[in-house]
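S.K.: Got a predicted structure plus its sequence, pasted below:
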Amino acid sequence: MKRTNSTRRAPVMMALACACVLGMMAGCSSSGSGSGTRPPATTPPPSNGGGGDDGGGTPPPTTSKPTTPTGQVAEGAGNTVTATGNAISEIGKQIQGANLPIVSDATGKATGQVVVDAGNTVAALGAGVRDGLGKMGAVDNPVGVTVASTGNVVTQTGHTLSSTGDLVNSLGQDQLKVLSPVTTPVGAVINHVAGGVQQLGEKLGDKLSTGPVAQLTGQTSKVIVPLTSKLTDTTQALGATTRLGAPVDNLLTKVGGVVAHTGTHLSATKAPVVGPVGGVVTEVGRTVAAAGGLVHGDGNAAGGSGNPLGGLLGGLPLTQTGGQTGGGSDKGAGSGKTGGVLAPVGGLLAPVTGLVGTLGALGR
């Protein structure tokens, strides 16, 4: 009898064991995130630096290739144009928030939007120069990047035309409603043209960044980048031979620093029109400072910082009433007390003439 019961229990026990095993296997494979100790199913592919990083995983390593001195000057010029566009856009936003006389609120906002979009167009042009020619030495085809950015400039121009069409439409409202038979069809035509320009810009960007145009710009970059580097080497060698490179570089750095600091003060005022222009003045100063690297290779050409002024702003006469000028650099900035903006100029030119240093000693 016992043997019969054991024989009957055996299939039941085996069935229960199989059910437990199947349940455990199902629990392990039902979700990819259930176990913290489980190794990943696949190994992430190595990054090839092609963009496409959407915030997940480890970002690709950044390159530390320096830009050439000419590239730094071009980057400063691009930043200046971009800052100009941003200033125009800020003025447009101020127009949108202002109460313009006679015209309706819709017309005031449309007018401001036209100015905003025009500023964005200028900023797109500057960004193309900054990201292309401004990265000579750090990217493979800087000419191609700048040329391809033309498509974005055309697209932004289409947005500006579209805003202009909206402005024309708004003129036929409220007190000027009698003009609607003219403004409505004209605005519609402008908007239609604007749509075509936007589509043209998108296609133009694709055409200029691929195919024969990309090959042509790539070959052009292979000629221009070494050529500008050779020219810079020549001017730096000339500056070293004549001993004018270091003082000229130091002078440009100081003048650029004063201009940039002035722009910072203008931006801090937050005043209409004046505040946005401060960014333009700041970028002009930085560009002037970066130009010193064309005549003196003392490290200004090192890329990656994006700020040719370095830490020199802290030692400017506008921020300190006394102390040393030059921030401890080896550019011959002088070590005496400063009494104003022009005081460092004597120390900068002393290595050139020898006379200013003597006059400075007599004046102490």
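M.R.: Structure received.
S.K.: Go through the top helix by length along the chain and flag the buried ones.
M.R.: Counting residues, the longest helix found in the chain (DSSP state H) is helix 211-242. Buried residues in helix 211-242, defined by neighbour count with 16 or more other CB atoms under 10 Å: 214, 217, 221, 224-225, 228-229, 232, 235-236, 239. From N, CA and C alone the C-beta is placed, and that goes for glycine too.
S.K.: Counting by contacts, list what it packs against.
M.R.: helix 69-97, helix 142-148, helix 245-269 (3 or more CB pairs under 8 Å, 6 or more residues apart in numbering; DSSP states H and E).
S.K.: Nearest approach to Leu179 belongs to which of the ones you listed?
M.R.: Closest of the helices and strands packed on helix 211-242 to Leu179 is helix 69-97, at 21.0 Å (criterion: CB to CB).
S.K.: what's the neighbour count on the nearest residue to Gly292 once chain neighbours are set aside?
M.R.: Using CB to CB, 6 or more residues apart in numbering and skipping residues adjacent in sequence, the residue nearest Gly292 is Asp249, 3.4 Å away. Using other CB atoms under 10 Å, Asp249 has 26 neighbouring residues.
S.K.: so who does Leu252 touch?
M.R.: Contacts for Leu252 (CB atoms under 8 Å, 6 or more residues apart in numbering) come out as 288-289, 291-292.
S.K.: for Ile102, same thing?
M.R.: Ile102 is in contact with Gln175, counting by CB under 8 Å, 6+ apart.
S.K.: Kindly report the same for Pro142.
M.R.: Contacts of Pro142 by CB under 8 Å, 6+ apart are 71, 132-136, 221, 224-225.
S.K.: thought Lys135 was touching Glu75?
M.R.: Yes: judged on CB atoms under 8 Å, Lys135 makes contact with Glu75 at a distance of 7.1 Å.
S.K.: higher neighbour count, these two?
M.R.: Comparing Lys135 with Glu75 by neighbour count (other CB under 10 Å), the higher total belongs to Glu75, at 27 against 23.
S.K.: Could you find the closest non-adjacent residue to that one?
M.R.: Gly134 (2.9 Å).
S.K.: now swap in Gln72 and tell me
M.R.: Once flanking residues are discounted, Gln72 sits nearest to Ala290: 4.4 Å by CB to CB, 6+ apart.
S.K.: which residues does Gly196 contact?
M.R.: Shown in contact with Gly196 (CB under 8 Å, 6+ apart): Gly158.
S.K.: so what pLDDT did it get?
M.R.: Note on Gly196: pLDDT of 95.
S.K.: sec struct for it, please.
M.R.: helix (DSSP: H, G, I helix; E, B strand; the rest coil).
S.K.: Quick check: it vs Ala124, distance?
M.R.: According to CB to CB, to the nearest Å, Gly196 and Ala124 sit 18 Å apart.
S.K.: which one is Thr80 nearest to, not counting chain neighbours?
M.R.: Ranked by CB to CB, 6+ apart and with sequence neighbours excluded, the top spatial neighbour of Thr80 is Glu283, at 4.2 Å.
S.K.: number of nearby residues for the one you found?
M.R.: The tally of other residues near Glu283 (other CB under 10 Å) stands at 25.
S.K.: let's have the chain start at 51 instead
M.R.: New numbering, starting at 51: the last item is Glu333.
S.K.: you'd agree it is up against Ser317?
M.R.: No: judged on CB under 8 Å, Glu333 makes no contact with Ser317 at a distance of 11.0 Å.
S.K.: Near Thr319, how many other residues are there?
M.R.: The burial count for Thr319: 10, using other CB under 10 Å.
S.K.: Please tell me how far it sits from Thr312.
M.R.: In terms of CB to CB, Thr319 sits 11 Å off from Thr312.
S.K.: just Met186 next, same as before
M.R.: 29 Å.
S.K.: Neighbour count: those two, which is higher?
M.R.: A count of neighbours by other CB under 10 Å puts Met186 above the other of Met186 and Thr312, at 24 against 18.
S.K.: Show the contacting residues for the more buried one.
M.R.: Contacts of Met186 by CB under 8 Å, 6+ apart are 117-118, 120-121, 124, 192, 274-275, 278.
S.K.: Setting the sequence-adjacent residues aside, check what's closest to it.
M.R.: Closest to Met186 by CB to CB, 6+ apart is Gly121, at 3.5 Å.
S.K.: what's the neighbour count on that neighbour?
M.R.: Residues near Gly121, counting by other CB under 10 Å, number 28.
S.K.: likewise Ser154?
M.R.: When neighbours are defined as other CB under 10 Å, Ser154 has 17 of them.
S.K.: swap in the one 5 residues further on?
M.R.: Neighbour count of Lys159, defined by other CB under 10 Å: 20.
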